[in-house]
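Asks: Build the 3D model from these lines:
(one chain, ligands or ions: 2)
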Amino acid sequence: MKSEKILVLFVLLPIVTVETGVFDFFSGIFDNDKLRPFNSTDFEKDLRMSLYGQNIALNTILKAVTWLMKDPDPPKPLVLSLHGPTGVGKTYITKIIARNIYEMGENSKHVHTLIATYHFAHIIEFPKHEAQLKAWIYGNVSSFPRSIFIFDEMDKMNPHLIETIKPFLDYMLHVDRVSFNHAIFLFLSQAGANMINEVALDSWRKGKERDQMNTQRMETLLYQGIFNDKNSGFWHSSLIDEHLVDHFVPFLPLERKHLKQCVLAEMTSLNITHDYDVMDSVLKDMPFFPPEEEAFSLKGCKTLHNKLGLHMKL
Ligand SMILES: Nc1ncnc2c1ncn2[C@@H]1O[C@H](COP(=O)(O)OP(=O)(O)O)[C@@H](O)[C@H]1O
Ligand SMILES: [Mg+2]
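Replies: Residues are numbered from 1 along each chain as shown. Ligands and ions are numbered 1, 2, ... in the order given. Reported below is the predicted structural model:
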């Protein structure tokens, strides 16, 4: 009996080794890249603790992701389009989502990121890219249905390639018995950032709390703003026409108080005692807009980490 098992192993091992590679065979046995048991309370706590000044985005993403994770048989994948100026938490929130879904968080092999200008820089190779993109999505979802796909700089993506993604986002039962409905697609872009900045500034001038901004109105404005943006091929595509995006999520420009939170969080993660003088000097080094009011940070919380290096007493 025992020797039969050994024999089977010896017969199978070379096949498995050739088919999947030795590494895949053993990583399959010792796989720690698993789903975490999803807990919406922990997810909400993590979002509220980690993400500053983005309550509209926070609430939409909390509900949308929780809704998908709790649905045993969702009718379509979750498709979120995140919009806003630079450095305000769009990429950051994708990491928060990932660490609440996978044991290995953003490092999980089930989180797939594609940067339009980096991966598909050569438009000329379009047909090749189209086939690659299809195989990439299909292959990843068939091996792990609850995969996350992040498309960064989505507004710069070739419209033809966007057409390629479309069938994966739609209501459908299965493609070759593979269900895509547990997957999450996150599109990140700065499209609509000017409109978001204007609305945020208007609200700031009226002395309104940013949390009180009307979420529904903001999403409608954003949707119209990007739909009518003639500079961006993507937004005219059927992705919008056919309502494949579940939510357009606005990220607002960050105020001084949020930057302070970012600096303090950075100090904590570097194991440095909070130094408020250093925090003030870092903030003085950051550009704000509009020039006369200096309401919002021009770069969000981006570059704060390196600025901190300049202002720390070494
Ligand atoms: N709203 C925010 N709350 C907390 N930290 C933030 C926020 N926005 C940005 N950060 C910090 O700044 C870094 C850069 O932000 P990122 O999410 O990459 O910007 P972008 O919106 O351009 O994708 C993040 O890794 C995070 O540390
Ligand atoms: Mg980003």
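
Asks: can I see the domain layout of this protein?
Replies: The record's domain split for the chain, according to automatic domain parsing, is 40-250, 256-311.

Asks: and these, which is most packed in?
Replies: domain 40-250 (a mean of 17; mean count of other Cβ atoms under 10 Å). From N, CA and C alone the C-beta is placed, and that goes for glycine too.

Asks: Just the pLDDT for the residue in the chain that ligand 2 sits nearest to.
Replies: Here the residue of the chain nearest ligand 2 is residue 91; by Cβ to the ion that distance is 3.3 Å. On the pLDDT scale, residue 91 is placed at 98.

Asks: I'd like the distance between it and residue 301.
Replies: Counting by Cβ to Cβ, to the nearest Å, the gap from residue 91 to residue 301 is 11 Å.

Asks: Residue 74 now?
Replies: Taking Cβ to Cβ as the measure, residue 74 falls 33 Å from residue 301.

Asks: Considering the domains of the chain, which stretch scores lowest in mean pLDDT?
Replies: domain 40-250 (a mean of 87).

Asks: is that domain anywhere near ligand 1?
Replies: Yes: interface with ligand 1: domain 40-250 contributes 51, 52, 53, 54, 86, 87, 88, 89, 90, 91, 92 (Cβ under 6 Å from any ligand atom).

Asks: Give me the subset of those lying in helices.
Replies: Using DSSP state H, the members of these that fall within helices are 90, 91, 92.

Asks: returning to what we had before: got a list of what the residue of the chain closest to ligand 2 touches?
Replies: Applying Cβ atoms under 8 Å, 6 or more residues apart in numbering to residue 91 gives the contacts 152, 188.

Asks: how far away is it from residue 106?
Replies: Residue 91 is 10 Å from residue 106, by Cβ to Cβ.

Asks: how close does the residue of the stretch 101-250 of the chain found nearest ligand 1 get to residue 82?
Replies: Nearest to ligand 1, among the residues of the stretch 101-250 of the chain, is residue 188, at 6.3 Å (Cβ to the nearest ligand atom). Taking Cβ to Cβ as the measure, residue 188 falls 5 Å from residue 82.

Asks: do residue 265 as well
Replies: In this structure, residue 265 and residue 82 are 20 Å apart, going by Cβ to Cβ.

Asks: Could you do residue 129 as well?
Replies: Applying Cβ to Cβ to residue 129 and residue 82 gives a distance of 23 Å.

Asks: swap in residue 251?
Replies: Counting by Cβ to Cβ, the gap from residue 251 to residue 82 is 6 Å.

Asks: Need the residues touching each of those two.
Replies: 57, 90.
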